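In: Build me a model:
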Amino acid sequence: MKQYFPFLCLALLISCTGRNNNANDSITNEVTVQGDTLVVNPQASMVSRIVTAPVTKEFYEPTISTTGVVTAIPTAYAEVAAPFAGRIQRNLVRIGQRVSAGTPLFEIHSSDYSEVLKNYRQSVSELSMAKKAYDRTKNLYDNKVASAKDLEEAQTAYDHALEEHRHAEAVAKEFQIDLKHAEVGQPMIVRSPIAGKVLSNNLVLGQFVKEDAEAPIIVADLSKVWVKANISEKEALMMNGVSDVEISLVANPDSLFHGKVVYMSEILDPETRTRQTIFECSNTKGTLLPNMYTHLQIRCTGHDYVVVPKSAVLQADSHRYVLRKLDENTYLRTPVTTTGLDDNRMIVTSGLSENDQIITEGAFYLIDSK
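Out: Next comes the predicted model:
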């Protein structure tokens, strides 16, 4: 029988001595990899093909192109619904009519409204009586006619009446009841909470509406509108300042409006990787209507940006990176955030500083170094 033990021992010895203690490290004849650090053998054939250069900055005024949707400004938009279930008595406005804050819109007859108003009026009366009783008892107590117990009971009754009145008043105000002019048994007058134009009026005389029905009247002031757009994570980094925003309608590309940034979300959408941004735009002619689609050209304030050749930027599974020079023939995989500049160059918005040395040509020779 042949003996193979010496050959087996030799194979095991070679296997053990060639194994690196760090699973992320590897050694080849040309490149040694330790984590994200790559050391190129000075005798490697690729050395002559690798070109490095310092990172430079250039003044650049970014222009961001995106799409948006016109919306009414929330504080200038109101969906006016019936606060109580009841029957429509009068319709006081028409579509297209301009109204002021407090303008009557419609009248509704509702037993629930009458009950709330009745409770309020009753609380006013009971509070007045309790106050008079307390004042009278206090006067008697000061003249040593009433006892301390009598005064305490009067105080308790007054406090209770005051609490009931405040509750009744809060309920009435919640339903926007005009407490100065409202009368029990009369229809409730529903008024506009804002100044604007009546955009929708679906009221029908005699119609019975429920308190949870859709708002039959919409009032809005569209002299100014918002345009909402989603700005990508990369482009948002360049929006430290905006010099101008040009807005045009998708349906009418020749239209032109100018806007300004009024809000940029501080939360990044995890699915789209965008930040919602709101632009305010003058709309005195009423051309921009809610839900219209728009194109936006956002001209950002110019800054000095780090600019690198596209050949310097490599793509990993989940990010981009460059190879930054640490020492002679030693490089570090450095994650960067980039955006396009032109066919040959890219802007680096994070990850590099001016004068960092990076590989500008030949980086692809090291892509497979793992």
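
In: Give me the residues contacting stretch 98-117.
Out: Contact with stretch 98-117 is made by 80, 82-93, 168, 171-172, 175, 177, 182-185, 187-198, 203, 209, 211, 216-217, 219, as judged by C-beta atoms under 8 Å, 6 or more residues apart in numbering. C-beta here means a position set from N, CA and C on the backbone, and glycine is covered the same way.

In: and if you look at stretch 353-364?
Out: For stretch 353-364, the external contacting residues (C-beta under 8 Å, 6+ apart) are 46, 49-57, 306, 308-309, 311-312, 314, 322-325, 331, 334, 352, 366.

In: buried subset of those residues?
Out: Neighbour counting with 16 or more other C-beta atoms under 10 Å marks 50, 52, 55, 306, 308-309, 311-312, 314, 322-325, 331, 334, 352, 366 as buried within the contacts of stretch 353-364.

In: can you count the residues close to Ser200?
Out: Around Ser200 there are 14 other residues, counting by other C-beta atoms under 10 Å.

In: actually His167, sorry about that
Out: Counted with other C-beta under 10 Å, the neighbours of His167 add up to 13.

In: Next, it: secondary structure please.
Out: What DSSP: H, G, I helix; E, B strand; the rest coil gives for His167 is helix.

In: Give me the nearest residue to it, chain neighbours excluded.
Out: Spatial nearest neighbour of His167, excluding adjacent residues (C-beta to C-beta, 6 or more residues apart in numbering): Ser123 at 7.7 Å.

In: Please identify the buried residues of the helix or strand in which that neighbour is found?
Out: For Ser123, the host element (DSSP states H and E) is helix 111-142. For helix 111-142, the neighbour count (16+ other C-beta under 10 Å) marks 113-114, 116-117, 119-121, 123, 126-127, 130, 134, 137-138, 141 as buried.

In: now swap in stretch 175-193 and tell me
Out: For stretch 175-193, a neighbour-count test (16+ other C-beta under 10 Å) marks Phe175, Ile177, Ala182, Pro187, Met188, Ile189, Val190, Arg191, Ser192 as buried.

In: Run the chain-centre distance for that stretch.
Out: How far stretch 175-193 lies from its chain's middle: 37 Å, per C-alpha atoms, centre = their mean, to the nearest Å.

In: and it, what's its mean pLDDT?
Out: In this model, stretch 175-193 carries a mean pLDDT of 88.

In: Any regions of the chain where pLDDT drops low?
Out: 1-28, 369-370 (pLDDT under 70).

In: Could I get the full set of helices for it?
Out: Assigned by DSSP state H, the chain shows helices spanning 5-17, 111-142, 148-174, 233-236.

In: and those as JSON lines, adding distance to Ile267?
Out: Output for the helices of the chain, formatted as JSON lines (distance: least, C-beta to C-beta, whole Å):
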{"stretch": "helix 5-17", "distance to Ile267": "52"}
{"stretch": "helix 111-142", "distance to Ile267": "40"}
{"stretch": "helix 148-174", "distance to Ile267": "31"}
{"stretch": "helix 233-236", "distance to Ile267": "12"}
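
In: I'd like to know which of those helices is closest to Lys285.
Out: helix 233-236 (30.3 Å; C-beta to C-beta).

In: got a list of contacts for the closest one?
Out: With C-beta under 8 Å, 6+ apart as the test, helix 233-236 has contacts from 62, 64, 66, 264, 268, 273-275, 277, 337-339, 349.

In: And those, which of them are buried?
Out: Neighbour-count burial (16+ other C-beta under 10 Å) applied to the contacts of helix 233-236 gives Pro62, Ile64, Thr66, Thr274, Arg275, Thr277, Thr338, Thr339, Thr349.

In: Now do the same contact list for the residue nearest to the fourth one when sequence neighbours are not counted.
Out: What that stands for is Thr274. Leaving aside its chain neighbours, Thr274 sits nearest to Asn230 (3.8 Å; criterion: C-beta to C-beta, 6+ apart). By C-beta under 8 Å, 6+ apart, the contact list for Asn230 reads Thr66, Asp269, Thr272, Thr274, Arg275, Gln276, Thr277.
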